[in-house]
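# Structure, please.
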Amino acid sequence: MIRLTYRIETPGSVEAMATKIASDQSTGTFVALPGETEELKARVAARVVAIRHLPSTDRASFPDEAGGATHFNRADVDIEFPIDAVGTDLSALMTIAIGGVFSIKGMTGIRIVDMKLPQDFAAAHPGPQFGVPGSFALTGVKDRPIIGTIVKPALGLRPHETAEMVGELIAAGVDFIKDDEKLMSPAYSPLKERVAAIMPKILDHEQKTGKKVMYAFGISHADPDEMMRNHDLVAAAGGNCAVVNINSIGFGGISFLRKRSSLVLHAHRNGWDILTRHAGLGFEFSVWQQFWRLLGIDQFQINGIRVKYWEPDESFVRSYKAVTTPLFFEGDVALPVIGSGQWGGQAPDTIAATGGSTDLLYLCGGGIVSHPGGPGAGVKAVKQAWEASVAGIPLETYAKDHAELAQSIDKFADGKAA
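Reported below is the predicted structural model:
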């Protein structure tokens, strides 16, 4: 059985609405159909298995559906769908168990808050190719987070200018660099030219030191064949990672890429906020991320502590737990990528929020490239913050003997710099 948990909000009966969802999303029609039998319904019909009532509210999530009501009942409802009725195709799962629910009349709010899939899905989908162990092995990092940064397209850097910055970051000891999700192949920085400028620096550093910095190039494209050509361009140059905008290229795009990919797939979730930002509508990340992990994402960008965007810290913690909790077995977890306004100062709270784990990629954009001492000093400052946090030393204490961290605290602490 496939079990979905829906958070229903309605001025009417939650029980009646739950029954309607189960019926409408499986065997229900507004008139009886030829050949429709009770035996057929019993084999493929969804059924309500649990209802857990929640405190009611006086504000409708869909105000236009309130119909003058001022009291709205709420409950979490578990509905099971037979695997025979859905199969293991993720597009079918999205269509049947999720997509149509939002069009049903009578609800002033509906949110998908949990999803439990049977073992059949593990056998039907590839899952991560590299995941956590592969990411750490390829970067050569042990016993600490992978430290990374971002090349921002707003800077307008041309390929040779990007390569100069990359060279400085590599020299400072950064582990991971990525294209911003908005940087794919613009006129001022075509992917082919960017790869040609950057990869020699990475390979030269590897030749000299044995450490290969992971660079994630933006290869997303609406045409899967073109995206695959982008992939091949990176792989042929010796690259080992790619940024993919998963919402933009969709299930089919990721499935096509994963089956043919030799690169670590770094997922950017831009667009997820549309699906989740209203607390009474859309998806929980814990549900949504399961689709992408099954399809084969290796690294999943979430957010972080005290981010520059709307998401509260509690939501970040739930996202972190979601991507690090096995769906079916230990190897199917994705590497959590912590970012969005991080500079090192959040390291102590991040350790506390993640239960002490350092199995993560800590991604700082402005926190590194806008450091007063330059990007190289920014890398050192973030590493120093994590050294202190892992050892349980207050950052201010550690900064007394670490100038880069001291500069970082002076610029970024207490919201001094966005």
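# hey, let's count contacts and neighbours off CA atoms from now on
Will do.
# next SSE after the helix or strand of the chain with the lowest mean pLDDT?
In the chain, no helix or strand scores lower on mean pLDDT, DSSP states H and E than helix 38-44, which sits at a mean of 61. Moving toward the C-terminus from helix 38-44, the next helix or strand (DSSP states H and E) is strand 47-57.
# next structured bit after that following strand?
Criterion used, DSSP H and E; the element after strand 47-57 is strand 72-81.
# next one: stretch 365-384 to chain centre, how far?
Taking C-alpha atoms, centre = their mean, to the nearest Å, one finds stretch 365-384 lying 24 Å from the centre of the chain it belongs to.
# End to end on that stretch, go ahead and measure it.
End-to-end span of stretch 365-384 (C-alpha to C-alpha, to the nearest Å): 16 Å.
# With stretch 142-160 instead?
End to end - C-alpha to C-alpha - stretch 142-160 spans 31 Å.
# can you pull out the strands in this protein?
2-10, 47-57, 72-81, 109-116, 146-151, 176-179, 214-218, 241-245, 264-268, 281-283, 299-301, 335-338, 361-364 (DSSP state E).
# Pull the residues that contact stretch 205-216.
138-140, 170, 174-179, 202-203, 239-243, 266 (C-alpha atoms under 8 Å, 6 or more residues apart in numbering).
# 6 Å instead, please
For stretch 205-216, the surrounding residues in contact (C-alpha atoms under 6 Å, 6 or more residues apart in numbering) are 175, 176, 177, 178, 241, 242, 243.
# Next, the buried residues of stretch 152-171.
152-153, 157-159, 162-163, 165-170 (16 or more other C-alpha atoms under 10 Å).
# what mean pLDDT does the longest helix along the chain have?
If you go by DSSP state H, the chain has its longest helix at helix 191-209. When pLDDT is averaged over helix 191-209, the result is 97.
# rewinding a little: quick check, nearest of the contacts of stretch 205-216 to residue 74?
residue 243 (39.1 Å; C-alpha to C-alpha).
# Check the burial of the residue lying closest to residue 324 once chain neighbours are set aside by counting its neighbours.
Take residue 324 and drop its neighbours on the chain: the residue closest to it by C-alpha to C-alpha, 6 or more residues apart in numbering is residue 333, 5.2 Å away. Residue 333 has 28 neighbours, counted by other C-alpha atoms under 10 Å.
# next one: residue 100
Residues near residue 100, counting by other C-alpha under 10 Å, number 13.
# Got phi/psi on the residue nearest to it when sequence neighbours are not counted?
The shortest distance from residue 100 to any non-neighbouring residue, by C-alpha to C-alpha, 6+ apart, is to residue 25 (6.9 Å). Main-chain torsions, residue 25, degrees, to the nearest 10: phi -90, psi 10.
# model confidence over stretch 327-339, on average?
Mean predicted confidence for stretch 327-339 is 93.
# got the buried residues for it?
Those would be 327, 332, 333, 334, 335, 336, 337, 338, 339, for stretch 327-339 by 16+ other C-alpha under 10 Å.
# Run through the residues that contact the fourth one.
In other words, residue 334. 131, 298, 299, 323.
# go on, residue 88?
Per C-alpha under 6 Å, 6+ apart, neighbours of residue 88: residue 121.
# go with 10 Å
Taking C-alpha atoms under 10 Å, 6 or more residues apart in numbering, we find residue 88 in contact with 2, 117, 118, 119, 120, 121, 122, 123, 124, 125.
# Quick check: it vs residue 96, distance?
Taking C-alpha to C-alpha, one finds residue 88 at 12 Å from residue 96.
# cool, residue 84 as well?
12 Å.
# Same drill for the two, tell me which one is more crowded.
Between residue 84 and residue 96, counted using other C-alpha under 10 Å, residue 96 has the larger neighbour count: 17 against 12.
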